[in-house]
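J.: next come a sequence and a model predicted from it.
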Amino acid sequence: MTSPDSEATGVTSGPVLQVPARLRDTLPGKLLLLPLPARPFLPAQSMPLVLPESLWRETIERVGNTPHHLVGLVYANTPDRDLPQPADFRRIGTVVRMHHPVRGDGQIQFVAEGLQRFRIVDFASDKAPFVADVEYPESPPENPQEVRAYALAVIAKIKELLPLNPFYRENVKAYLDRFSPDDPSPLADFAAALTSAAAEELQEVLEAVPLLRRMEKVMLLLQREVEVVGLQSEIRQKVEERVSENQRQFFLREQLKEIQQQLGLSKDDKSLEIETFRGRLADCVVPAAAQQKIDDEIRKFSLLETGSPEYAGTRNYLDALTALPWGKYTDDQIDIPRARRVLAADHEGLADVKERIIEFLGVGALTGQVAGSILLLVGPPGVGKTSIGRSIADALGRQFYRFSVGGMRDEAEIKGHRRTYIGAMPGKFVQALREVGTANPVIMLDEIDKIGASYHGDPASALLEVLDPEQNASFLDHYLDLRFDLSRVLFVCTANQLDSIPRPLLDRMEVIRLAGYVTEEKIAIAKKHLLPKVRRRAGLKPAQLVVPDASLRALIDGYAREAGVRNLEKQLNRVARKVALKVLDDPQSKTRVTEDALRELLGQPIFRPEQPQRGVGVVTGLAWTAMGGATLEVEATRVHTKNRGFRLTGQLGDVMRESAEIAYSYVAANLADYHGDPGFFDEAYVHLHVPEGATPKDGPSAGITMASALLSLARNEPLHSAVAMTGELTLTGRVLPVGGIREKLIAARRVGLKSVLLPAANERDFAELPDYISRGMRVSFVSHFDEVVAQVFRQPKGGGSRRSTKPG
């Protein structure tokens, strides 16, 4: 007889011996014990066992030296150690007779013939070989009718199992060779051993000495086994039916395909793909070199077997080649009035930017095509750079494709992988042309100032060929290994700043700057674009969410003061979500967001009203950041007069620290000329600080601001009026031009400063500003620090400039 355990070991049982008639009289009172870690052994079983030789060799030898060859098998579950302790042994086990012990590969195998239950009374040895005093419990008398009824029920369940698995049939045959089918006690033990029940459940059957209680437990195990085996059989049957059906369909399809080919009604997959490749090129104007390459590859593809390693690579290469829009161009709809309407509908403000784009399109209208230029839109986040690129495509009637090069570190992303690599792909530009289906789309390269470099190559250098009008007419992608004309593509790039863009790449672009929006423009954008979109996303009707202009102004000033409108949209989304909850509770509710309601919906304002500080040693400067313009309050104070010294704080960069040292040296050297105490800096320890120390700052544009703060400290005199200034200072007092004039004036306007000092060389930049920025601003242009002093300090009677002439 076999069991699930014997199948797991792969060992078949030997010949089965009959139990002696007077068995109970021959059983010894002491037994050597062997632990079974997997499942208990039942008296009706006869099967091979495999044990580790290193642990149980001595025990097996001692059993072999006894005349009866009897040993006790006891369930002992010890997963954390190999050798059990006496406490690990269960109290009831099965005495078996050992047959044919064999050693090999570090294990001992023997056939165990189950005979009788035994109970451990006491251990005579508490270490291997384990020896115990045992007794043999007897089943009490039971009602014969009940026992017979249970026996018939057990036999019926066993009959239900027999058709489901041949394994049960073999076990029943082996059992009938040893026992009578009318003996209920071994029948119950055999039925329990026949199941795949857990070890604890089988141990409960072994410990159930009363026959009726044992047969009750066995019936439960048999019922569950019938259900599990029946379910397994059903699953196996379904799988076999599905596999057979799939095989039948496969053979039928293959036969149908062969019949159709023989009759000329269809072609094989390879022929269909070749026809597809050729059909794609029917409306294309393919250059001769590319056509020759495609023909060669198709000829090679037709000779390859589908199982060939080159088949998939050649097919993918032909798919990429034939999917390109060779000679396919979209007709440009260069209608200047229409372009103005498109730009006006999509964007509020930005009049100078729109005019630059209209001028660009006007040149295209005269020449008949818009090509040969690469536009670079530079500005803070959220000012609409990406959407302007999309509007350009709409105005021209061209396809639009956008991808970000920010963080790109692999040159192959631009120029493709060589086909020698597994998984090779063409570059982003070939993929873009393939997707849009025309050879003259508008391709936007977002975040070009954040492009990276690594050991894979330098993508910025790879872009030089793409963005050069003199070279991109014969752009070579490494995957295609063919020239493709990109000269008709209009490239639009976006960036937040120019400093990180490589100079050779920047030289190939036409720069269009987008400054931040002033409050009035943000209000108009919110009313025309953001609020309708926010309502639509939140599922709100216009009447359910109303935001007056005054509330929009308060929202912008207190929560969204950035140069762009992205954060403004986020705050409006927050308001819309809270209003949507109110509408769920009361569908008839209508919310008018007042200034007081903003604090309830969004909390306290993030930004406090900025009031320019005035006092001795305090001067307001103007700075440019990637988020737009900002004001800086430069503060200077005298710490003590024990010794001369100069200290800088505010997380200043190297360039800004050098500007501060230049300002200190210049003011100290020329203090007498500016009506200050000439010995002030000889004894004073001066501390100069730029607030918001957690924010890094750098650049030379705060030179005249820091010099004015130091002079104010030395003269013990504040500036006579509220004024903001920017400009680089040299050691000779000259004021040099700086950048970001537009952003800086917007920052000054935002805090209410109308008087501004700018370098004289920046007068041209101021003249190009739109009227809505320069209107109402009192701007003075200075070329020397003398002029700064004259503008911001009161001149003493009889005093004047220390110079009679000023440099031109």
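T.: In hand now; what should we look at?
J.: only C-alpha atoms for contact and neighbour calcs from this point on.
T.: Noted.
J.: what ranges do the helices span in the stretch 1-150 of the chain?
T.: Using DSSP state H, counting those that start in this stretch, the helices of the stretch 1-150 of the chain run over residues 4-9, 23-26, 53-64, 144-161.
J.: correction: the previous question concerned the stretch 551-700 of the chain.
T.: Under DSSP H, counting those that start in this stretch, the stretch 551-700 of the chain gives helices at 566-585, 595-602, 654-669, 680-683.
J.: turn the helices of the stretch 1-150 of the chain into a markdown table, columns for mean pLDDT, distance to Met215 and mean neighbour count.
T.: Converted to a markdown table, the helices of the stretch 1-150 of the chain look like this (pLDDT from 0 to 100; distance: least, CA to CA, whole Å; neighbours: other CA atoms under 10 Å):
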| stretch | mean pLDDT | distance to Met215 | mean neighbour count |
| --- | --- | --- | --- |
| helix 4-9 | 34 | 21 | 13 |
| helix 23-26 | 63 | 23 | 10 |
| helix 53-64 | 88 | 33 | 16 |
| helix 144-161 | 84 | 7 | 16 |
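J.: one step back: make TSV out of the helices of the stretch 551-700 of the chain and add mean neighbour count and mean pLDDT.
T.: Formatted as TSV, the helices of the stretch 551-700 of the chain follow (neighbours: other CA atoms under 10 Å; pLDDT from 0 to 100):
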stretch	mean neighbour count	mean pLDDT
helix 566-585	17	90
helix 595-602	15	86
helix 654-669	20	92
helix 680-683	17	88
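J.: for Ile773, find the nearest of those.
T.: Closest of the helices of the stretch 551-700 of the chain to Ile773 is helix 566-585, at 20.6 Å (criterion: CA to CA).
J.: the closest one packs against which elements?
T.: helix 531-538, helix 549-559, helix 595-602 (3 or more CA pairs under 8 Å, 6 or more residues apart in numbering; DSSP states H and E).
J.: also compute the angle for the longest one relative to helix 595-602, please.
T.: Right, the one you point to is helix 549-559. Orientation check (axes from the mean of the first three to the mean of the last three CA atoms, to 10 degrees): helix 549-559 against helix 595-602 gives 50 degrees.
J.: what does helix 549-559 contact?
T.: 519, 522-523, 526, 568, 571, 593-595, 598, 605-609 (CA atoms under 8 Å, 6 or more residues apart in numbering).
J.: closest to Leu769 out of the helices of the stretch 551-700 of the chain?
T.: helix 566-585 (23.6 Å).
J.: what sits up against the closest one?
T.: Contacts for helix 566-585 (CA under 8 Å, 6+ apart): 381-383, 526, 530-531, 534-535, 538-540, 544-545, 555-556, 559-560, 589-591, 601-602.
J.: what pLDDT does Lys385 get?
T.: At Lys385, the model reports a pLDDT of 85.
J.: my read: Met215 touches Tyr150, true?
T.: Yes. Using CA atoms under 8 Å, Met215 makes contact with Tyr150 at a distance of 6.7 Å.
J.: hmm, which of the contacts of helix 566-585 are the buried ones?
T.: 381-383, 526, 530-531, 534-535, 538, 540, 544-545, 555-556, 559-560, 590-591, 601-602 (16 or more other CA atoms under 10 Å).
J.: for this protein, which helix is longest?
T.: When the chain is parsed with DSSP state H, its longest helix is helix 211-263.
J.: helices or strands up against the next helix-or-strand element following it?
T.: Using DSSP states H and E, the helix or strand that follows helix 211-263 towards the C-terminus is helix 269-280. With contacts defined as 3+ CA pairs under 8 Å, 6+ apart, helix 269-280 has these neighbours: helix 288-303, helix 309-323.
J.: for Leu187, find the nearest of these.
T.: helix 309-323 (62.2 Å).
J.: give me the contact list for that closest one.
T.: 277-278, 280-281, 294, 297-298, 301, 304-306, 426, 434, 480.
J.: that older thread, would you format the helices and strands packed on helix 269-280 as a markdown table with mean pLDDT, distance to Arg488 and mean neighbour count included?
T.: Shown next, in a markdown table, are the helices and strands packed on helix 269-280 (pLDDT from 0 to 100; distance: least, CA to CA, whole Å; neighbours: other CA under 10 Å):
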| stretch | mean pLDDT | distance to Arg488 | mean neighbour count |
| --- | --- | --- | --- |
| helix 288-303 | 88 | 18 | 14 |
| helix 309-323 | 86 | 18 | 17 |
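J.: what's the closest of these to Val618?
T.: helix 309-323 (65.1 Å).
J.: any idea how far that closest one is from the chain center?
T.: Centre-to-centre, helix 309-323 and its host chain are 31 Å apart (CA atoms, centre = their mean, to the nearest Å).
J.: same check on stretch 784-797?
T.: Stretch 784-797 has its C-alpha centroid displaced from the chain centroid by 58 Å (CA atoms, centre = their mean).
J.: flag every buried residue along stretch 72-81.
T.: 72-78.
J.: kindly report the same for stretch 414-434.
T.: Those would be 414-419, 424-434, for stretch 414-434 by 16+ other CA under 10 Å.
J.: residues in contact with Thr306?
T.: Counted by CA under 8 Å, 6+ apart, Thr306 has contacts Ala312.
J.: that's a strand at it, yeah?
T.: No. Judged by DSSP: H, G, I helix; E, B strand; the rest coil, Thr306 forms no part of a strand; its state is coil.
J.: can you list the helices of the stretch 551-700 of the chain in CSV and add distance to Ala460?
T.: Converted to CSV, the helices of the stretch 551-700 of the chain look like this (distance: least, CA to CA, whole Å):
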stretch, distance to Ala460
helix 566-585, 28
helix 595-602, 42
helix 654-669, 27
helix 680-683, 50
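J.: Arg90 is nearest to which of those helices?
T.: helix 566-585 (64.3 Å).
J.: okay, the angle between the closest one and helix 549-559?
T.: Put simply, helix 566-585 runs at 120 degrees to helix 549-559, going by the same axes, to 10 degrees.
J.: mind putting the helices and strands packed on helix 269-280 into TSV with distance to Phe123?
T.: Output for the helices and strands packed on helix 269-280, formatted as TSV (distance: least, CA to CA, whole Å):
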stretch	distance to Phe123
helix 288-303	81
helix 309-323	70
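J.: so which of the ones you listed comes closest to Met98?
T.: The closest approach between Met98 and any of the helices and strands packed on helix 269-280, judged by CA to CA, belongs to helix 309-323 at 59.6 Å.
J.: okay, Asp269: pLDDT?
T.: 69.
J.: got it, and the one 3 residues further on?
T.: You'll see Leu272 listed with a pLDDT of 79.
J.: is it correct that Ser373 is in contact with Met509?
T.: Yes. At 7.2 Å, Ser373 counts as touching Met509 under the criterion of CA under 8 Å.
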